[in-house]
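**Student:** Here is a sequence with its predicted model. Questions after.
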Amino acid sequence: MATTRNLLVMISLVWLSSCSNRNNLSDAYGNFEAVQVTVSSESAGKIHYINIEEGSQPDSGIIVALIDTTDLYLKKLQLQSQKKAVSVKKSSVASQIEVQQQQKANLVVEKNRVTKLIADEAATQKQLDDLNGAIDLVDKQIASTLTQDAGIAEEMQVVDRQIAQVNESIYKCYIRNPVKGTVLSKFAEAGEIATPGRALYKIADLSVMELKVYISGTQLPEVKQGQQVEILIDADKKTNRKLSGVVSWISPKAEFTPKIIQTKEERVNLVYGVKIRVPNDGSLKIAMPAEVNFKDKSE
């Protein structure tokens, strides 16, 4: 009898422990993620310097690398010389127009004088006709010169656009860090040749991590965007450390459970993805596992 009673007590304890463990199970499980940005070269040439290392934390907007700009600089000098030559040509045409306009003004004065003389019968109609012909000729010369001036102005705009294009290419040779964060990987070194599209380094903002978990349709009503939840990460082999997070995104549609889930039965279930933003005190890493409770288990 004593043995039977002891066995019943042990079974009861195991059952109670099992119930307790089920009550303490977390609502969802997942891994931490971070938005990773791969910074690539937009230009071709030798890398003069790249002032980042894995683990460094450059600020947003600072120049971290430089690709050779020698050819672009020489091309810019050539275009600037070409622009000066066009500018001289434009000044010459402008002077020519001024001379022609002065010639016309002189002819108009002479025409007015001859017109008065004709009224006094002191000049002939032929003299007036010759002056009108000379004025018409100067007008045509001015129109022709103005056409040349318009062509030179267009040529100047073309050179200006080419210079702007070279300036843009030079600007792209200076690699600016797009986001403040931690350098995860470095793919290039000074002295290597960069090509457009070649990845130079990868960076991510690790100050706030995102925990991606999946929940069932029955859990969906108790999860709200902006809701504060409890996060559990491993403190050691037996205990967890509690953190606080905020639900930042809930998938608008269901999907099949990702294949990382072990059993086939669970993989065919429909679930909803949820992202939770968690401030990082330095202990959270990308792909690190964690658990989440949407409600306080002590309630």
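**Tutor:** Done, it's in. Given the structure is predicted, the values throughout are model-derived calculations rather than measurements. Residues are numbered from 1 along each chain as shown.

**Student:** roughly how far out does the helix or strand in which residue 144 is found sit from the chain middle?
**Tutor:** Assigning secondary structure by DSSP states H and E places residue 144 in helix 125-173. In terms of Cα atoms, centre = their mean, to the nearest Å, the gap separating the centre of helix 125-173 from the centre of its chain is 41 Å.

**Student:** Give the next helix or strand downstream of that helix.
**Tutor:** Of the helices and strands lying after helix 125-173 in sequence (DSSP H and E), the nearest is strand 174-176.

**Student:** quick one: contacts of that next one?
**Tutor:** Applying Cβ atoms under 8 Å, 6 or more residues apart in numbering, the contact partners of strand 174-176 are 39, 41, 50, 61-67, 200. Bear in mind the C-beta positions are built from the backbone N, C-alpha and C, glycine included.

**Student:** at 6 Å what do you get?
**Tutor:** Strand 174-176 is contacted from outside by 61, 63-66, using Cβ atoms under 6 Å, 6 or more residues apart in numbering.

**Student:** just these now: which is nearest residue 46?
**Tutor:** residue 66 (9.7 Å; Cβ to Cβ).

**Student:** where does the closest one land in three-state SS?
**Tutor:** Classification of residue 66 using DSSP: H, G, I helix; E, B strand; the rest coil returns strand.

**Student:** and it, bridged to which residues?
**Tutor:** Beta-bridge partners for residue 66, by DSSP bridges, are residue 49, residue 174.

**Student:** about what we covered before: counting neighbours, which of the contacts of strand 174-176 comes out on top?
**Tutor:** Of all the contacts of strand 174-176, residue 65 has the most neighbours under the rule other Cβ atoms under 10 Å, reaching 22 neighbours.

**Student:** these two touch, right, that residue and residue 46?
**Tutor:** No: using Cβ atoms under 6 Å, residue 65 makes no contact with residue 46, being 11.4 Å away.
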